[in-house]
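Enquirer: need a 3D model of the following:
(chains A, B, C and D)
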Number of protein chains: 2
Amino acid sequence: MFEENLEAPENLNMHLNYYQKEDQVLLAVDCIIFGFDKENLKILLIKRNFEPEKGKWSLIGGFLKKNENLDEAAVRVLETLTGLNDIYLEQIHTYSKIDRDPGQRTISVAYFALIDVDSHRFDGIQIDSAHWFDIKEAPNLIFDHNEMIQKAKARLKRRALSKPIGFELLPEKFTMRQLQNLYESILDKKLDKRNFINKINSLDVLIKLDEKDMSVSRKGAYLYVFDKDKYEKKVEEDGFIFKI
Amino acid sequence: MFEENLEAPENLNMHLNYYQKEDQVLLAVDCIIFGFDKENLKILLIKRNFEPEKGKWSLIGGFLKKNENLDEAAVRVLETLTGLNDIYLEQIHTYSKIDRDPGQRTISVAYFALIDVDSHRFDGIQIDSAHWFDIKEAPNLIFDHNEMIQKAKARLKRRALSKPIGFELLPEKFTMRQLQNLYESILDKKLDKRNFINKINSLDVLIKLDEKDMSVSRKGAYLYVFDKDKYEKKVEEDGFIFKI
DNA sequence: TTTATAAGTGTTTTATTTACATTTTTAAAA
DNA sequence: TTTTAAAAATGTAAATAAAACACTTATAAA
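Expert: Alright, predicted model coming up:
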C-alpha cells in the first residue's frame, strides 16, 4: 500500500503525486450549532433544498475545498449559510460509514459551534429554511446526523465542566440565573442555586457590574461579564483549571 | 456549493454522484501506538522506507480504501504493519493543514492504540523498521506527527482517569506496583502508594489472585486481574463511573 | 543468621461537595 | 399608600473525598 510511485503525475500540482494509486474521497464538514436564548439550549437545523433527502431536516454542512483546511471549511460553511462569523468552533469526530450518505461516498468531520441566539441576526443564504429547535424537541435528521448530535451533546457537557466555553452561548452581560439556566440545560439536571453561585464566585473570573437586568423580576438581577483576560492570566500563571 | 447536479455520473457506482463538482482528497489514518512494558510508557514508530521523507521516523499509517470505514482502516493498518489484531483503538482528531504532507494533499485521521508490549509478538511486514521508544525519548517525527502524539497523550491521560482503558496496556495478570507505574507514566507524575491502592480497591473491579509475581522482590507481589464482567455490570446497573 | 529490598497496610488532616431556608427588593395590584 | 407577589441574594453545618504520612512483613541471597 505504501510503495513508491514513480509514474508521471497526471495533475498540475507543484508536488509529485506520491500516492497516486490511492482512493480519493469527498470530505464534508457538518456543524452542530448550539444556541442559547437565556432559557433553553437550542440547535440550528436547516431543511435541505437539494438532493438527496431534499426537504428533510439536516445539520448545516458543506464540502472541504482544495485551498482550505477543515477548520476554515467549518468557518466558511457557517458563515455562508448563516452569515455568522467569529463563532466558537471545535472539531468533534469524523464519520465514515460506507453508506452514510446515499448520494456518494462521503466522509464527514463534525464540528460544534456555540452562539448566543439573541445577539446574532442571521443573513445567510439559508435563513428562510433554517430553524432553531429546542434541544429536546429536535426532529429526526438525515444520515448519521442524530448520532453526531448525541456525541456533540456529550462533548459540550464535558467541555462546559472543564473550560469556560459556556460564555460563548451567553450575551456579553448576563445574570447568574441565566448562567445557571445554561448549565442546567447543558448538563440536563437541576442545580442548587446557592451552591452554583458559590462555585462560580470561587472561580473568580466574573466581573459583577453595577447594572441590573429588570426584565425578569421586580427586584432586578445584577449583570456579570466574563473576565477573559483574568481567566487567561490565571491559566498561564498558576495553571488554573476552570472546573464546575 | 450545494446545488443539485443532474449531469450523467461518470463512475460505475450504484449511486448517482450528486456531489460531482466537489474536490476529492486522500484520507489517511495514522496510529499512535502506546505500549507499556511494566515499567514505562512506550510508543511504536517506524522508519519510513518510501518517499517522501524516506528514512525518517513516523507514525504507522495508511490510506482509507473505498470498501472500509475509518475504524476498519485503522485496524487494517495496524494489523498489516505489525501483525497485531484485536487491539484497543480510539479515534482522536483529524488533521488537515494544506501542506501537512508534502507528497500530496492528504487529510489524516489520528487514532490511538493501546497494547501490552510484552504479550505481543510482532510479525507484520514492518517489524524490522519498527521500534519501541520510551515516550520521553521519542525522536522528531515527520509531518504533523509530533502534534498528533501530544494530543494523543492528553487524550490518553483524560481517558485513563475516567475509563478503565489502562488495563489494555497491561498483561492479563499484573501487580499493583505495575498498575501504579502505568498510571504514573500516563499522568506523568508520582502517586502515593497507599492512596493509589486504596483508590483502586474502592473501585472494586479487580480480582486478587492467590498467585504472586516473584520476579521483582523477594517477598513477591500478589497478581490481580481486571474483572471486566463486574465492571460492565456495575456500569449498566448502577451507572458506575470508573474514576481515578 | 543476617541483611537488603520491595510489598503491604490505616489513620488523621484537609479540602471539597452537598444540603438546606430566610430576607430583600421592587413593580403591580388593591 | 399599603399590600402582595415573585425572583434575587445570601451562609453555615454536615458529609464525603482527597491528601499526607511511616512502620511492619516476607523472603531470597549473602
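Enquirer: need the contact list for the nearest residue to A:Gly166 once chain neighbours are set aside.
Expert: Spatial nearest neighbour of A:Gly166, excluding adjacent residues (C-beta to C-beta, 6 or more residues apart in numbering or on different chains): A:Ala160 at 5.0 Å. (Glycine included, C-beta is placed from N, CA and C.) The contact partners of A:Ala160, taken as C-beta atoms under 8 Å, 6 or more residues apart in numbering or on different chains, are A:166, A:183, A:186-187, A:244.
Enquirer: which one of these is nearest chain B?
Expert: A:Leu187 (14.5 Å; C-beta to the nearest C-beta).
Enquirer: what sits against the nearest residue to A:Lys66 once chain neighbours are set aside?
Expert: Distances taken as C-beta to C-beta, 6+ apart place B:Asp23 nearest to A:Lys66, at 4.8 Å, with adjacent residues excluded. By C-beta under 8 Å, 6+ apart, the contact set of B:Asp23 is A:26, A:63-66.
Enquirer: same question, A:Ser108
Expert: Per C-beta under 8 Å, 6+ apart, neighbours of A:Ser108: A:27-30, A:61, A:94-96, A:100-101, A:143-144, A:148.
Enquirer: switch to 7 Å and redo it
Expert: A:28-30, A:61, A:95 (C-beta atoms under 7 Å, 6 or more residues apart in numbering or on different chains).
Enquirer: near DNA strand D, anything from the host helix or strand of A:Arg177?
Expert: Using DSSP states H and E, A:Arg177 falls within helix A:176-187. Yes - Helix A:176-187 reaches DNA strand D (C-beta under 7 Å from any atom of the strand) through A:176-177.
Enquirer: residues contacting that helix, please?
Expert: The contact list for helix A:176-187, computed with C-beta under 7 Å, 6+ apart, reads A:36, A:38-41, A:156-157, A:160, A:166, A:169-170, A:190-191, A:193, A:196-197, A:200, A:221, A:224, A:244.
Enquirer: give me every residue in chain A lying close to DNA strand C.
Expert: A:192-195, A:198-199, A:214, A:217-220, A:243.
Enquirer: picking that back up, what comes up buried for the helix holding A:Arg177?
Expert: For helix A:176-187, burial by neighbour count (16 or more other C-beta atoms under 10 Å in any protein chain shown) applies to A:176-183, A:185-186.
Enquirer: what's the answer for stretch A:183-202, then?
Expert: In stretch A:183-202, counting by 16+ other C-beta under 10 Å, buried: A:183, A:185-186, A:196, A:200.
Enquirer: distance check, A:Thr80 against DNA strand D.
Expert: 38 Å (C-beta to the nearest atom of the strand, to the nearest Å).
Enquirer: so A:Cys31 makes contact with A:Leu114?
Expert: No - A:Cys31 is beyond contact range of A:Leu114, at 10.7 Å (criterion: C-beta atoms under 7 Å).
Enquirer: and A:Ile92, which of the three is it?
Expert: Following DSSP: H, G, I helix; E, B strand; the rest coil, A:Ile92 is assigned to strand.
Enquirer: can you show me the CA trace of the longest strand along chain A as PDB?
Expert: Scanning chain A for the longest strand, with DSSP state E as the assignment, gives strand A:24-36. Taking Å, rounded to 0.1, in the frame of the first residue of the first chain, the C-alpha atoms of strand A:24-36 are listed here in PDB:
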ATOM      1  CA  GLN A  24      -9.800   9.600  -3.100                       C
ATOM      2  CA  VAL A  25     -13.000  10.600  -1.200                       C
ATOM      3  CA  LEU A  26     -15.200  13.500  -0.700                       C
ATOM      4  CA  LEU A  27     -14.700  15.200   2.700                       C
ATOM      5  CA  ALA A  28     -17.500  17.200   4.200                       C
ATOM      6  CA  VAL A  29     -17.900  19.200   7.400                       C
ATOM      7  CA  ASP A  30     -21.100  19.200   9.400                       C
ATOM      8  CA  CYS A  31     -21.800  21.800  12.100                       C
ATOM      9  CA  ILE A  32     -23.800  21.100  15.200                       C
ATOM     10  CA  ILE A  33     -24.800  24.700  16.100                       C
ATOM     11  CA  PHE A  34     -25.700  25.100  19.700                       C
ATOM     12  CA  GLY A  35     -27.500  28.200  20.700                       C
ATOM     13  CA  PHE A  36     -28.900  29.600  24.000                       C
END
